[in-house]
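Peer 1: my questions concern the predicted model and sequence given below.
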Amino acid sequence: MSLVAFLGAIETGLLYGFLSLGVYLSFRVLKFPDLTVDGSFPLGAAVVATLITKGVNPWLATGVAMAAGALAGLCTAFLSVRFNILNLLASILTMIALYSINLRIMGRPNVPLLNQPTLFDGLEKLLPIWVILLVGLGLTKLAMDFFLTSDVGLAMRATGMNPVMANAQGIYTNRLILLGMALSNALAALSGALFAQVNGFADVALGVGTVVVGLATVILGEAMFPSRTVRWATLAVILGCLVYRLVIAFALNADFLGLRAQDLNLVTAVIVVLALVLPQANLLAKLKRN
């Protein structure tokens with residue numbers, strides 16, 4: 001694997017790191033199986049691309065994209081907690097609706113950002129993009145760690161672990177689900193907005209398989225770097241995202257494997273299966289030795 005491919009994998013892994021933190025918040029903290037990210041990721045890209053092409057400041061456009069993602073997450077959570085729709089079905093309904101909404105926002109399937117300003121323009125002259133993304137992702141991780149160890153964050157974790165007991169202790173579980181889903185999809189939209197600005201385009205099909213990527217990185221990170229604290233868990237998610245992208249890049253660039261770009265989903269499925277099976281195999285081996 002060449003240095004260009006290596007740095008490209010690192011950059012892509014950092015871009016998707018924001019998404020992975022969002023998926024961790026919904027799937028692991030709230031125990032909410034959320035497919036909305038398949039729609040909120042391209043939603044962030046669509047909003048930021050449309051606003052930038054209309055002359056809006058890239059920083060403001062990115063903030064609006066995050067707000068749009070948070071609104072999508074609120075919609076999913078509201079359908080679930082208010083109308084008692086199964087959480088998985090609620091997220092599917094929102095995801096389907098977002099496809100049409102993204103098309104409506106962009107006005108066409110693809111919006112290029114060539115020769116358009118981005119939030120990396122001034123910073124890119126000082127530091128490589130991957131370093132900027134690393135700093136931004138690190139700050140986001142620290143903010144999430146602080147939130148999840150605060151009183152509200154602890155109540156949210158309790159809601160995910162045992163909502164009945166949390167409700168009995170006077171915790172407003174429905175409100176925390178709404179808040180957690182908003183934050184999760186805001187991070188997914190942020191990831192999409194940054195992806196669009198780094199790669200120079202927004203496309204309505206960007207979100208296809210996004211939730212699989214997020215789950216793969218979370219599962220891989222937990223399998224490779226098991227932890228019992230929030231700080232190490234979020235770090236494991238980021239490291240899992242980087243490892244996942246490096247493995248993908250190696251598999252697609254290794255000539256002896258004969259893999260091509262269209263084999264990406266196959267490689268992803270194999271990585272997830274290995275991440276799920278190998279820890280169980282090690283546990284069974286330890287039990288047999290004992």
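Peer 2: Now that the structure is in, tell me what you want to look at. Residues are numbered from 1 along each chain as shown.

Peer 1: which stretches in this protein count as helices?
Peer 2: Secondary structure of the chain (DSSP state H): helices located at 3-23, 37-53, 58-83, 87-106, 121-124, 129-148, 151-161, 163-168, 173-199, 210-224, 230-253, 264-289.

Peer 1: surely residue 103 meets residue 204?
Peer 2: Yes. Applying CB atoms under 8 Å, one finds residue 103 in contact with residue 204, separated by 5.6 Å. (Glycine included, C-beta is placed from N, CA and C.)

Peer 1: and the closest residue to residue 87 other than its chain neighbours, what does it touch?
Peer 2: Nearest in space to residue 87, with sequence neighbours left out and distances taken as CB to CB, 6 or more residues apart in numbering, is residue 80 at 4.6 Å. Going by CB atoms under 8 Å, 6 or more residues apart in numbering, residue 80 touches 32, 86, 87, 90, 177.

Peer 1: quick check: the gap between residue 80 and residue 180.
Peer 2: Residue 80 sits at a distance of 12 Å from residue 180 (criterion: CB to CB, to the nearest Å).

Peer 1: likewise residue 222?
Peer 2: Residue 222 is 19 Å from residue 180, by CB to CB.

Peer 1: likewise residue 19?
Peer 2: Using CB to CB, one gets 15 Å for the distance from residue 19 to residue 180.

Peer 1: before we move on, what about residue 140?
Peer 2: Remark: distance between residue 140 and residue 180 (CB to CB) = 15 Å.

Peer 1: among these two, which residue is more densely surrounded?
Peer 2: residue 180 (27 against 18; other CB atoms under 10 Å).

Peer 1: my read: the more buried one touches residue 27, true?
Peer 2: No. Look at residue 180 against residue 27 with CB under 8 Å: they stay out of range, at 10.8 Å.

Peer 1: re earlier: residue 103 and residue 204 - which one has more neighbours?
Peer 2: residue 204 (21 against 14).

Peer 1: give me the pLDDT for that one.
Peer 2: Confidence at residue 204, expressed as pLDDT, is 94.

Peer 1: do I have it right that it meets residue 43?
Peer 2: No. Residue 204 lies out of contact with residue 43 (CB under 8 Å); the separation is 9.9 Å.

Peer 1: please enumerate the shared neighbours of these two.
Peer 2: Overlap of the contact sets of residue 204 and residue 43 (by CB under 8 Å, 6+ apart) consists of residue 102.
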